[in-house]
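>>> Got a predicted structure here, sequence first:
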Amino acid sequence: MTPIRLRDFVEDREGCLYAVSNYDNTDRIGCILRYVPETDGERTSLSGRRYHKYDFAESFAWVRDHKPEYLDSVHRVPCCDVVRVYKPEEEVGRVAARNARVRRLLAHFNLPKGSFGCTGSLLCGLENASSDIDLVVYGDAWFAAQRQLRQLVGAGVIPGMSTAMWRKVYDKRVPEISFDAFVLHEQRKWNRGEFEGTYFDLLYTRSYANLDAVPAGKGTVLGRATIEATVTDASLSFDSPAVYGVDHDEISRVLSFTHTYSGQALAGEVIEAKGVVEEHGDERWLIVGTTREAKGEYIVSKTLLENFN
């Protein structure tokens with residue numbers, strides 16, 4: 001069996017569905033509870049079972065009450081409790097077969113078989129009419145999808161994001177930067193869009209050959225800091241966490257655990273970042289997104305802002 005990785009879903013013995021949020025899943029899978037079987041649930045699976053969708057805070061409250069042994073910084077489901085693993089790249093054909101909008105969107109991309117899929121409610125067969133399309137693309141194929149999306153929008157095949165949609169995304173993210181600065185950074189990422197009135201994401205996940213690219217685990221907290229540094233490596237900047245290698249006297253990496261600041265800067269650009277400093281062995285990392293909404297924490301490209309102004 002292939003390893004369980006970020007953006008897979010797992011189902012436990014009670015039928016609860018969890019979104020995998022980590023890469024270190026050898027014994028206990030790092031994930032977030034998303035769907036719980038409930039007789040009056042608002043979602044119905046392909047088999048007719050009803051589910052309730054839980055948001056972030058609700059999911060932690062439910063796990064605390066019903067599965068306290070799973071509680072950690074995320075939810076940690078023992079591998080022995082997993083009865084099914086949902087893999088986006090394996091299920092994408094079935095998703096496209098039943099969902100015409102997904103089928104039409106995917107038809108615009110030219111990606112190797114096995115390098116992409118759908119995650120979220122579509123993966124679990126729990127989507128409704130208002131569900132977003134969460135496309136996931138693996139490894140280097142993600143950058144091909146990014147280039148193709150830019151070309152598709154440029155050619156008018158896929159429309160550009162409307163101001164109303166940008167505002168909706170901004171209000172959902174509640175970032176520590178202004179709306180104008182947010183959109184300026186987002187518009188060059190080419191990792192989201194609108195298609196037939198539906199919002200979609202292009203989500204990056206590491207290939208199976210690269211799962212150990214960043215050491216896992218929490219470091220020793222040393223305090224808070226705001227730094228300026230030049231980005232030396234942005235190859236994992238769209239990952240979760242987003243990782244930026246930086247040239248700085250004390251900090252060797254900046255990591256973002258919030259999607260808001262993924263892809264925020266390119267190699268060679270100067271960033272300003274505010275977060276929590278952790279010690280990892282002989283390195284110090286600046287962590288952004290230590291809380292759900294990353295209050296008081298951010299990453300901006302000073303190079304981008306200065307060039308725009």
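Alright, I've got the coordinates.

>>> drop to CA atoms for contacts and neighbour counts, all remaining ones
Will do.

>>> Pretty sure R64 sits against L71.
Yes - with contacts defined as C-alpha atoms under 8 Å, R64 counts as touching L71 at a distance of 6.6 Å.

>>> how's the chain carved up into domains?
Structural domains of the chain, as assigned by automatic domain parsing, span the residue ranges 9-86, 88-208, 217-308.

>>> how far does the last one stretch from start to finish?
Across its full length, domain 217-308 reaches 37 Å end to end, with C-alpha to C-alpha, to the nearest Å as the criterion.

>>> if I look at D12, how far off is I32?
Taking C-alpha to C-alpha as the measure, D12 and I32 are separated by 12 Å.

>>> When those two are compared, which one has more neighbours?
With other C-alpha atoms under 10 Å as the criterion, D12 and I32 differ in neighbour count, and I32 comes out ahead with 25 against 17.

>>> Then that one would be within a helix, right?
No - counting by DSSP: H, G, I helix; E, B strand; the rest coil, I32 is located in no helix; its state is strand.

>>> What helices and strands are in contact with the lengthiest helix in the chain?
If you go by DSSP state H, the chain has its longest helix at helix 141-154. Of the remaining helices and strands, those touching helix 141-154 by 3 or more C-alpha pairs under 8 Å, 6 or more residues apart in numbering; DSSP states H and E are strand 198-205.

>>> Buried residues, the strand it packs on. List them.
199-205 (16 or more other C-alpha atoms under 10 Å).

>>> What of stretch 138-158?
Residues 138-139, 141-143, 145-146, 148-150, 152-153, 158 are the ones in stretch 138-158 that count as buried (16+ other C-alpha under 10 Å).

>>> Name the nearest of the residues you listed relative to R284.
Distance to R284, by C-alpha to C-alpha, is smallest for G139 among the buried residues of stretch 138-158, at 26.1 Å.

>>> Got the confidence number for that closest one?
Here, the pLDDT recorded for G139 equals 96.

>>> Repeat that for V169.
On the pLDDT scale, V169 is placed at 89.

>>> mind checking how far it is from T205?
Here the criterion is C-alpha to C-alpha. By it, V169 lies 21 Å from T205.

>>> go on, V243?
13 Å.

>>> Check E69 too.
Going from E69 to T205 by C-alpha to C-alpha gives 28 Å.

>>> and what of T39?
Distance, T39 to T205, by C-alpha to C-alpha: 34 Å.

>>> cool, V277 as well?
Between V277 and T205 the distance is 25 Å, computed by C-alpha to C-alpha.

>>> what about stretch 154-173, start to end distance?
Taking C-alpha to C-alpha, stretch 154-173 runs 26 Å from one end to the other.

>>> Just say helix, strand or coil for C118.
Secondary structure for C118, judged by three-state DSSP, is strand.

>>> Just grab the bridge partners of it for me.
When bridges are called by DSSP bridges, C118 pairs up with L135.

>>> For it, grab the count of nearby residues.
28.

>>> show me the contacts for it.
Taking C-alpha atoms under 8 Å, 6 or more residues apart in numbering, we find C118 in contact with 88-89, 91-92, 95, 133-136.

>>> could you redo the last one with a cut-off of 7 Å?
Under the criterion of C-alpha atoms under 7 Å, 6 or more residues apart in numbering, the neighbours of C118 are 88, 92, 134-136.
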